[in-house]
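Novice: Pasted the sequence and its predicted model underneath.
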Amino acid sequence: MHPLEQLREDALRDIEAARDAKSLESVRVKYLGKTGSISEWGEQMKTLGKEERPAVGKLLNQARTAITAALEQCGEKVRAESESEALSTIDLSLPGTPHEIGALHPLTQMWQRSIEIFRRMGFALADGPDIEDEWHCFDALNTPPEHPARTEQDTFYLADGRLLRTHTSTVQIRTMESVPPPIRVIAPGAAYRNEELNATHSPQFHQIEGLYVDENVSVADLKGELEFFMRELFGLDTEVQFRPHFFPFTEPSLEVYVRSKALKGGEQWIEVAGCGIVHPAVFEAVNKGRGDDAYDPERWSGYAFGLGMDRLAMILFDIPDIRLFAQNDLRFLRQFA
Ligand code: DAH
């Protein structure tokens, strides 16, 4: 046997005997390393005669190829073995770490449902600040200085004379001041009133304001669209009733009541919104604010509404107490997950 063939056999036996990555590496160094046997043979080739070289060179190549392949194969085997050994210490039957999945607050769910319906009806979203001035909250909405809503009893005033908006109707004014007609917007947001906190009243509550301004807007538009909204929200067998009311910024003004057998307290009419046809005085005030006559009351007409979001959510989810929305009690919140 040629010594190179012997070398090859020794190497393969060493590789076979290696049990882990470390011993395998030392085998590699012993044969293929810089000063390993194979490399040494490479050096020796130079000293051989011309006629010997091809045969020895061939043996050397074969040995190198065989050793390299065996090292690779064995390396893979060793890797797989150590991996499965590591895995064998894991008990797959143990329970995992529980993953808490969050959920949307019932009021947020209510916003999303309502906004989605209005968007399908062509309403865009509008916004305004929670801290307002008297002009946007009262004057421009045709609410005279002596109106009871303006007293300290109802409104939270800041030291500088500004206030927390008592309704989202402020956004009607802000929107019209910045965009000319026609307009079709909703404005979801919080409103604040200086009220005793109890099961049905909260100093902070939530509304969706709506405003549609165009030529020839009528009570029929208002009724049809709010009725559509209520049926989309509460179900097709929901009955909707409009009762005459008074708001300073609309004429005529109406309150919206709903009743549905699908809802808790099915026989009862529940008040859910105020609405009406925009008062010409509101357009005049907006023109004054804008400094033009973009909202000429002779040409433009509109309807507006304000929906009580907390109330809607309480009806839809059968929630008995408005305070639950803000208490962050997980036992309550989890029911809507
Ligand atoms: N702003 C009224 C409130 O908070 C609700 C309301 C009534 C809004 C009539 C309107 C409206 O836009 O037209 O009680």
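Specialist: Received, thanks.

Novice: pLDDT weak spots in the stretch 201-337 of the chain?
Specialist: In the predicted model of the stretch 201-337 of the chain, no residue satisfies pLDDT under 70.

Novice: Of all the residues in stretch 131-151, which ones are buried?
Specialist: 132-134, 136-143, 150 (16 or more other CB atoms under 10 Å). (Each C-beta comes from the backbone N, C-alpha and C, glycine too.)

Novice: which one of the residues you listed is nearest residue 326?
Specialist: residue 132 (21.7 Å; CB to CB).

Novice: on that earlier part again, dump the buried residues of stretch 131-151 to a markdown table, plus distance to residue 1.
Specialist: Output for the buried residues of stretch 131-151, formatted as a markdown table (distance: CB to CB, whole Å):
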| residue | distance to residue 1 |
| --- | --- |
| 132 | 101 |
| 133 | 104 |
| 134 | 108 |
| 136 | 103 |
| 137 | 104 |
| 138 | 109 |
| 139 | 111 |
| 140 | 107 |
| 141 | 108 |
| 142 | 113 |
| 143 | 111 |
| 150 | 112 |
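
Novice: Need the nearest residue in space to whichever residue of the stretch 1-150 of the chain sits closest to the ligand, chain neighbours excluded.
Specialist: Closest contact between the stretch 1-150 of the chain and the ligand, by CB to the nearest ligand atom, is at residue 141 (8.0 Å). Nearest non-adjacent residue to residue 141, counting by CB to CB, 6 or more residues apart in numbering: residue 249, 4.2 Å away.

Novice: Touching, the one you found and residue 282? I think so.
Specialist: Yes. Assessed by CB atoms under 8 Å, residue 249 is found in contact with residue 282 at 5.2 Å.

Novice: What does residue 242 show for phi and psi?
Specialist: Reported as degrees, to the nearest 10, the phi and psi values for residue 242 are phi -110, psi 120.

Novice: Okay, the residue of the stretch 1-150 of the chain closest to the ligand and residue 124: tell me how far apart.
Specialist: 21 Å (CB to CB, to the nearest Å).

Novice: do residue 258 as well
Specialist: 25 Å.

Novice: then stretch 162-182 to CSV, C-alphas only?
Specialist: This file holds the C-alpha atoms of stretch 162-182, laid out as CSV (Å, rounded to 0.1, in the frame of the first residue of the first chain):
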residue,chain,number,x,y,z
ARG,A,162,-61.5,79.8,27.7
LEU,A,163,-63.5,76.6,28.4
LEU,A,164,-63.8,72.9,27.9
ARG,A,165,-66.2,72.5,25.0
THR,A,166,-69.7,71.5,26.2
HIS,A,167,-70.5,69.9,22.9
THR,A,168,-68.8,68.9,19.7
SER,A,169,-70.9,71.4,17.8
THR,A,170,-67.9,73.7,18.0
VAL,A,171,-66.4,71.7,15.1
GLN,A,172,-69.3,72.8,12.9
ILE,A,173,-68.1,76.4,13.3
ARG,A,174,-64.4,75.6,13.0
THR,A,175,-64.9,73.5,9.8
MET,A,176,-67.1,76.1,8.1
GLU,A,177,-64.6,78.9,9.0
SER,A,178,-61.9,77.0,7.2
VAL,A,179,-63.7,75.3,4.3
PRO,A,180,-66.3,76.8,1.9
PRO,A,181,-69.5,74.9,1.1
PRO,A,182,-70.6,72.2,0.3
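
Novice: wait, does that stretch make contact with the ligand?
Specialist: Yes. Counting by CB under 6 Å from any ligand atom, the ligand is contacted by stretch 162-182 at 167, 169.

Novice: Which of the buried residues of stretch 131-151 fall in helices?
Specialist: With DSSP state H as the criterion, helices contain 134, 136-137 from among the buried residues of stretch 131-151.

Novice: Can I get these in CSV including pLDDT and distance to residue 169?
Specialist: Below are these laid out as CSV (pLDDT from 0 to 100; distance: CB to CB, whole Å):
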residue, pLDDT, distance to residue 169
134, 96, 13
136, 97, 9
137, 97, 8
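
Novice: just the residues of the stretch 201-337 of the chain that are near the ligand, which are they?
Specialist: Checking the stretch 201-337 of the chain against the ligand by CB under 6 Å from any ligand atom, the hits are 209, 247, 250, 274-276, 304-306.

Novice: residue closest to the middle of this structure?
Specialist: Most central in the chain under CA atoms, centre = their mean is residue 104, positioned 8.8 Å from the mean C-alpha point.

Novice: Tell me the secondary structure of it, please.
Specialist: coil (DSSP: H, G, I helix; E, B strand; the rest coil).

Novice: picking up where we left off before, which among the residues of the stretch 201-337 of the chain next to the ligand gets closest to residue 228?
Specialist: Distances from residue 228 to these, taken by CB to CB, are shortest for residue 305, at 12.5 Å.
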